[in-house]
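Undergrad: Everything below, folded, please.
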Amino acid sequence: MDLTDIATYYPKLYHMAEKGSWESIRRHGLLSTRSLLDLFEVGEPERGRILRRRRPTSITLEHTEHGQAVVRDQIPLSEARLRSCLTDMSLEQWLDTLNSRVFFWLDKEHLETLLGARAYRDSAHDVIHIDTASLVELYAARITLSPINSGATMYKPPERGSKTFLPIDDYPFQERRQARGKNAIVELAVDSGVHDIENVAVRVERRRAGGHEASVLWERES
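TA: Residues are numbered from 1 along each chain as shown. From the prediction side, this is the model:
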């Protein structure tokens, strides 16, 4: 896949963060769970529990200098179903893989589905809109692409393993586009996180499912 193809087919990316997270993200960057634990100096055994076990609820981290940050739950992930669909990795290895990345949806439909999910529909969230071209220009070497929702195992989950996340150059985009249309790519992930978020974000909204109570928290100056 060519770098320019991503921005051509998917000009905007979307990330749903916990309500109230934007100011911390703006200050520290949009960090993976692993990077967030590094920043907040979380040690063992708590670190291991967060990285290698499913999180049924969100976890609030506290730090004397950095304040608070929320590590989001993994409600859409079932350990039993995950074990059944992993091909060449253990459950702990897969969770560790997820926790080392930050994830973006490539279309609004997937974002709206997550906002409307039973676990999240009654809460507001901070939704970050990303300019794809800017992100690819800065982070191409750390971007991987996935054809599935890697953090969910609902409804006959597809297989997943060490080949699920592929670098841009190795991703069979045209082949999957012919078979799946716009869903040729479901997730774009950045290893470690996006540290200079204001250079790639264009808009941040406080959102509920269905667009209710939407308000703009931040917008890039034109």
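
Undergrad: beta partners for the residue nearest the centre of the chain?
TA: Centroid check for the chain by C-alpha atoms, centre = their mean gives Phe103 as the closest residue, at 2.0 Å. Beta bridges link Phe103 to Ala189 when assigned by DSSP bridges.

Undergrad: So which residues make contact with the helix or strand of the chain with the lowest mean pLDDT?
TA: Ranked by mean pLDDT, DSSP states H and E, the helix or strand of the chain with the weakest confidence is helix 3-9, at a mean of 87. Around helix 3-9, the neighbours that count as contacts under C-beta atoms under 8 Å, 6 or more residues apart in numbering are Thr132, Ala133, Val136, Ala140, Ile168, Phe173, Arg177, Lys182, Ala184, Ile185, Leu188. Heads up, the C-betas are built off the backbone N, CA and C, glycines and all.

Undergrad: and it, which residues are buried?
TA: Asp5, Ile6, Ala7, Tyr9 (16 or more other C-beta atoms under 10 Å).

Undergrad: Could you do stretch 96-116 as well?
TA: Quick answer for stretch 96-116 (16+ other C-beta under 10 Å): 96-107, 110-112, 114-115.

Undergrad: Likewise for stretch 121-134?
TA: For stretch 121-134, a neighbour-count test (16+ other C-beta under 10 Å) marks Ala124, His125, Asp126, Val127, Ile128, His129, Ile130, Asp131, Thr132, Ala133, Ser134 as buried.

Undergrad: just those residues now: which is nearest Pro158?
TA: Nearest to Pro158 out of the buried residues of stretch 121-134 is Thr132 (C-beta to C-beta; 24.4 Å).

Undergrad: Apart from its neighbours in sequence, what residue is nearest the closest one?
TA: Among residues not flanking Thr132 along the chain, Ala7 sits closest, at 4.4 Å (C-beta to C-beta, 6 or more residues apart in numbering).

Undergrad: any idea how far the one you found lies from Tyr171?
TA: Look at Ala7 and Tyr171: by C-beta to C-beta, to the nearest Å, they are 14 Å apart.

Undergrad: how distant is stretch 65-80 from the center of its chain?
TA: 12 Å (C-alpha atoms, centre = their mean, to the nearest Å).

Undergrad: Need the CA coordinates for it. PDB is fine.
TA: Output in PDB follows, covering the C-alpha atoms of stretch 65-80 (Å, rounded to 0.1, in the frame of the first residue of the first chain):
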ATOM      1  CA  GLU A  65       3.300  15.800  38.900                       C
ATOM      2  CA  HIS A  66       1.100  14.700  36.000                       C
ATOM      3  CA  GLY A  67      -2.200  14.600  37.800                       C
ATOM      4  CA  GLN A  68      -4.800  12.000  36.700                       C
ATOM      5  CA  ALA A  69      -5.200   9.800  33.600                       C
ATOM      6  CA  VAL A  70      -7.700   7.100  32.700                       C
ATOM      7  CA  VAL A  71      -6.800   3.800  31.200                       C
ATOM      8  CA  ARG A  72     -10.000   2.700  29.400                       C
ATOM      9  CA  ASP A  73     -11.800  -0.600  30.000                       C
ATOM     10  CA  GLN A  74     -11.800  -3.500  27.600                       C
ATOM     11  CA  ILE A  75     -15.400  -4.400  28.000                       C
ATOM     12  CA  PRO A  76     -15.900  -5.500  24.300                       C
ATOM     13  CA  LEU A  77     -13.200  -8.200  24.800                       C
ATOM     14  CA  SER A  78     -14.000 -11.600  26.100                       C
ATOM     15  CA  GLU A  79     -11.100 -13.600  27.400                       C
ATOM     16  CA  ALA A  80     -12.700 -17.000  26.500                       C
END
